[in-house]
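J.: requesting a structural model of the entry that follows:
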Amino acid sequence: MADDKLRLAVIIGSTREGRFGPTVASWFAAKARRRPGLSIDLIDLAEAALPSTLTESDDALPPPVRALAPRLAAADAFALVTPEYNRSFPAPLKTAIDWYDAEWRAKPVAVVAYGRESGGLHAVEQLRQVFTELHAVALRDALILPRYWELFAADGTWPKASAECNSAVTTTLDRLTWWARALRNARSERPYPT
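T.: Below you'll find the model as predicted:
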């Protein structure tokens with residue numbers, strides 16, 4: 001391959017006003033950018049402005065959906081940054097997932113979740129089921145951030161240097177890049193059966 005870098009799409013799954021997702025996604029993307037073998041595409045669903053109503057399968061895709069498709073298709077792996085709302089993940093993230101199909105297929109997905117005491121585990125469990133249906137490989141271990149508001153340092157930076165997520169992110173990126181390379185190699189040798 002001319003460019004051997006793995007392409008990682010980091011997707012901010014919340015579009016709410018006052019959301020914490022961009023803070024988490026920026027932190028995760030900064031950690032990923034330190035790896036020489038990764039190229040990062042930070043995708044904010046609030047900026048993507050995907051329509052909330054899906055069209056019929058034979059209808060033309062709306063321009064925002066067409067605009068995001070090549071970025072997802074180019075990705076070798078995904079990291080979904082999501083809060084947990086009502087024991088699940090946000091509706092805009094589900095809509096974004098549902099607009100696409102082949103873009104997810106035979107690619108690894110890591111979930112970076114944040115929330116109250118569960119840290120987003122309920123959202124993670126549901127996302128694993130969704131991505132299994134889409135023939136993606138959802139990583140077993142998620143990067144969870146319970147009570148994320150407690151991880152601010154006294155100077156306002158996030159996360160604190162002592163926060164467990166600072167070491168957990170390394171494991172998540174190690175596993176995500178392993179799967180990304182293995183699946184990219186497999187897709188280049190033999191197309192995934194549809």
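
J.: using the three-state scheme, assign the residue positioned nearest the centre of the chain.
T.: Taking C-alpha atoms, centre = their mean as the criterion, Leu80 is the residue nearest the geometric centre of the chain, at 1.9 Å. Assigned state for Leu80: strand (three-state reduction, DSSP: H, G, I helix; E, B strand; the rest coil).

J.: also Ser39?
T.: Quick answer, by three-state DSSP: Ser39 is strand.

J.: how many neighbouring residues does it have?
T.: Neighbourhood size, Ser39 [other C-beta atoms under 10 Å]: 16. (Each C-beta comes from the backbone N, C-alpha and C, glycine too.)

J.: pLDDT value on Ser57, please?
T.: Listed pLDDT for Ser57 reads 83.

J.: can you get me a residue count around it?
T.: Count around Ser57 with other C-beta under 10 Å applied: 6.

J.: re earlier: the residue nearest to the centre of the chain against Leu93, yeah?
T.: Yes. The criterion here is C-beta atoms under 8 Å, and Leu80 meets it with Leu93 at 6.9 Å.

J.: what residues are shared contacts of those two?
T.: Ile11, Gly13 (C-beta atoms under 8 Å, 6 or more residues apart in numbering).

J.: quick one: the strands in this structure?
T.: Remark: strands assigned in the chain by DSSP state E are 6-12, 38-44, 77-83, 108-115, 137-138, 143-146.

J.: ranges for the helices of the protein?
T.: Ranges of helices within the chain are 21-33, 45-48, 63-74, 91-99, 121-133, 165-189, based on DSSP state H.

J.: name the helices or strands packed onto the last one?
T.: In terms of contact count using 3 or more C-beta pairs under 8 Å, 6 or more residues apart in numbering; DSSP states H and E, helix 165-189 is assigned the packing partners strand 6-12, helix 21-33, strand 77-83, strand 108-115, strand 143-146.
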